[in-house]
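Novice: Structure of the sequence below:
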Amino acid sequence: MDFQLKAEFVELDNMLKALHLVASGAHARQCIQSGSIKINGHVETRVRRKLRAGDSVEFGQEQISIVA
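Specialist: The predicted model follows:
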């Protein structure tokens, strides 16, 4: 799945909410801080991690590509 950027970057929690992969901001924080998300192959626990074009996000069975 692709996520189209509308600005220079998107924060990780906001991207999860925009794609309806989480029910709320609190749910996004919980998923991120539990270590269940990988960015570019590495576990990410920063809620506000800035995603830019070219980044790849793994969340459960979802593979998300950040595109400009």
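Novice: Which residue ranges of this protein form helices?
Specialist: Counting by DSSP state H, the chain has helices at residues 12-18, 25-33.
Novice: Which positions within the last one qualify as buried?
Specialist: Pointing back at helix 25-33 there. 28-29, 31-32 (16 or more other Cβ atoms under 10 Å). Using the backbone N, CA and C atoms, a C-beta is placed for each residue, glycine as well.
Novice: Please apply the same query to stretch 34-41.
Specialist: Those would be 37, 39, for stretch 34-41 by 16+ other Cβ under 10 Å.
Novice: Start and end of that stretch, how far apart?
Specialist: Stretch 34-41 has an end-to-end distance of 16 Å (criterion: Cα to Cα, to the nearest Å).
Novice: now swap in stretch 16-28 and tell me
Specialist: End to end - Cα to Cα - stretch 16-28 spans 7 Å.
Novice: Other residues contacting it?
Specialist: 1, 3, 10, 12-13, 31-32, 47, 59, 62, 64 (Cβ atoms under 8 Å, 6 or more residues apart in numbering).
Novice: related to what we said a few turns ago, farthest pair in the buried residues of helix 25-33?
Specialist: Maximum pairwise distance among those (Cβ to Cβ): 7.4 Å, between 29 and 31.
Novice: And for the closest residue to residue 32 other than its chain neighbours, the neighbour number?
Specialist: In this structure, residue 32 finds its nearest non-sequential neighbour in residue 47, 5.1 Å apart by Cβ to Cβ, 6 or more residues apart in numbering. Counted by other Cβ atoms under 10 Å, the residues lying close to residue 47 total 18.
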